[in-house]
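In: sequence? don't have it. structure:
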């Protein structure tokens, strides 16, 4: 996996690449179907309107609601959304899938404002992407 933190205007983008031994269509289901997404993403997806401009309602473990909006959707290649959090601001998340042999390459990018918590965020996403691997093993 290749991780890279880089400036994007006045924000920061943390980018991960991971080769996944599952086809893009299967990974697409894991990243866009609420029942699968909730098993690996740091928050539970309670609502997900899978359309550009569609709303996503996440809830964290303390019960706090986090709203998001789908900003890009190109099945089974690109799923991007913008989260609005009261304490940490706007977060842009983008998941891109590209065929890679019998599997695919996942490129995950998280763009945010405060560089000071980039290391903590990177550690959290590494664990989360490991969880995605485990969820994929359970999907038929």
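Out: Ah, there it is. Bear in mind that the values here come from a model prediction, so they are computed numbers and not experimental data.

In: switch to C-alpha atoms for all contacts and neighbour counts from now on
Out: Noted.

In: ranges for the helices of this protein?
Out: Along the chain, counting by DSSP state H, helices occupy 24-32, 34-40, 118-136.

In: tell me which strands and helices the first one is in contact with?
Out: Under the contact criterion of 3 or more C-alpha pairs under 8 Å, 6 or more residues apart in numbering; DSSP states H and E, helix 24-32 touches helix 34-40, strand 89-100, helix 118-136.

In: Which among these is found nearest to residue 16?
Out: In terms of C-alpha to C-alpha, the element of these nearest to residue 16 is helix 118-136, at 8.6 Å.

In: Flag the shaky bits of this structure, pLDDT-wise.
Out: Scanning the chain for pLDDT under 70 picks out 1-3.

In: Give the bridge partners for the closest residue to residue 53 other than its chain neighbours, please.
Out: Counting by C-alpha to C-alpha, 6 or more residues apart in numbering, residue 53 lies nearest to residue 70, which is 5.1 Å off, once chain neighbours are set aside. Partner residues in beta bridges with residue 70, using DSSP bridges, are residue 81.

In: how deep is residue 70 tucked in, by neighbour count?
Out: 22 (other C-alpha atoms under 10 Å).

In: Distance check, it against residue 94.
Out: With distances taken as C-alpha to C-alpha, to the nearest Å, residue 70 is found 10 Å from residue 94.

In: phi, psi of the residue of the chain most remote from its centre?
Out: Distance from the C-alpha centroid of the chain peaks at residue 101, with 22.5 Å (C-alpha atoms, centre = their mean). In terms of degrees, to the nearest 10, the main-chain angles of residue 101 are phi 60, psi -130.

In: which residues does residue 25 contact?
Out: residue 76 (C-alpha atoms under 8 Å, 6 or more residues apart in numbering).
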